[in-house]
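# can't give you the sequence, but here's the structure:
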């Protein structure tokens, strides 16, 4: 079933960066007409790229045309959210709001927009190829089942999604999956560099590392067994994998990695405090 047969309302995007592009692309691929999409994006080059790629309408600033939107997707940076919200609010009293801005809490968004109909989302960059993972939170008691279903239809164009019932858990989602692709790339870099040090070419090491990550992730996704069991099946005592795991355990790699995620969660919380202040 396509987006058009699901009767999605007109959708406006505040901000036209990578995440907005991922969602717009997914919606259009599923059949939503470009005429149903509008973008507010201050940078001329970004507007031109969106118009050329998708055939949508993009404006440099908020106008009364936003009033037709049934859903507003907030794809702005945390530090610019408040300013943008105050400009948009007069035109969007009836809309449902979906924010993909990291850290900015629904209390702040509701105050700036004068609306309680807010869903927060924490997507990640694989959304650009339809393989994203998005955490969702609906403002308690203010967003009903039909509105949740609308958000799900939109977010599903970029990949999978998961609802959490406490807004504070979005900081954990941010640390785990929102920032997660960077951790994968970090380990892929290390694996590739190690392969080159061992004598493989850059291309060979890259292919082996990426293929291994992709295959192992897919095996974990399909398996009903715990990750520890999957790991142990590859780790014969006294073998090569055992030597590598023992080295990582000696270096406390798991504990250090968990501390890194704690740092990301703390920073997500700080962003809400820093850019979601009263006013």
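Structure received. Note that the structure is a prediction, hence the values are computed from the model and not measured. Numbers count the residues shown, from 1 in each chain.

# Spit out the contact partners of the residue nearest the centre of the chain.
Centrality entry for the chain: nearest residue to the mean C-alpha point is residue 123, 1.2 Å, by CA atoms, centre = their mean. Contact analysis of residue 123 by CB atoms under 8 Å, 6 or more residues apart in numbering lists 19, 22, 100, 132, 133, 134, 155, 158, 178. Any C-beta I mention is one placed from the backbone N, CA and C, and that applies to glycine too.

# got the residues you listed as TSV, with neighbour count columns?
Shown next, in TSV, are the contacts of residue 123 (neighbours: other CB atoms under 10 Å):
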residue	neighbour count
19	23
22	24
100	25
132	24
133	20
134	26
155	24
158	25
178	24
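
# Can you flag which of the residues you listed belong to helices?
Using DSSP state H, the members of the contacts of residue 123 that fall within helices are 19, 22, 155.

# the strands in this structure, which residues?
All strands of the chain, identified by DSSP state E, fall at 11-14, 37-40, 57-59, 71-74, 96-99, 118-122, 132-138, 159-163.

# Walk me through which strands the shortest one pairs with, and which way each runs.
Translated: strand 57-59. Using DSSP bridges, strand 57-59 pairs in its sheet with strand 37-40 (parallel).

# can you list contacts of the partner strand?
Contacts for strand 37-40 (CB under 8 Å, 6+ apart): 10-16, 20, 24, 27-28, 47, 50, 54, 56-62, 65-66, 69, 84, 88.

# From the ones in helices among the contacts of residue 123, pick the one nearest residue 174.
residue 19 (13.3 Å; CB to CB).

# low pLDDT regions in the stretch 151-279 of the chain?
Within the stretch 151-279 of the chain, the segments meeting pLDDT under 70 span 277-279.

# Isn't residue 180 up against residue 126?
No - counting by CB atoms under 8 Å, residue 180 sits too far from residue 126 to count as a contact (9.3 Å).

# anything in contact with each of these two?
With CB under 8 Å, 6+ apart, residue 180 and residue 126 have common neighbours residue 133.

# ok, which stretches of the stretch 101-250 of the chain are helices?
106-113, 145-155, 169-173, 180-197, 202-222, 227-234, 240-250 (DSSP state H, counting those that start in this stretch).

# From the rest of the structure, what touches the fifth one?
Read that as helix 202-222. 184, 187, 188, 191, 192, 193, 194, 195, 196, 200, 227, 230.

# Mind listing what's buried along stretch 82-90?
Neighbour-count burial for stretch 82-90 flags 82, 84, 85, 88 (criterion: 16 or more other CB atoms under 10 Å).

# and the gap between the third one and residue 43?
Read it as residue 85. 18 Å (CB to CB, to the nearest Å).

# that older thread, ok, of the contacts of strand 37-40, which come out buried?
10-16, 20, 24, 27-28, 47, 50, 54, 56-58, 62, 66, 69, 84, 88.

# Check what pLDDT residue 29 gets.
pLDDT for residue 29: 87.

# List just the nearest of the ones in helices among the contacts of residue 123 to residue 255.
For the ones in helices among the contacts of residue 123, the nearest to residue 255 is residue 19 (31.9 Å; CB to CB).

# Tell me who's in contact with that closest one.
75, 100, 123, 127.

# Next, count neighbours for residue 109.
Look at residue 109: counted by other CB atoms under 10 Å, it has 23 neighbours.

# Now it. Nearest residue, chain neighbours left out?
The shortest distance from residue 109 to any non-neighbouring residue, by CB to CB, 6 or more residues apart in numbering, is to residue 118 (5.3 Å).

# give me the number of residues near that neighbour?
For residue 118, using other CB under 10 Å, the count is 24.
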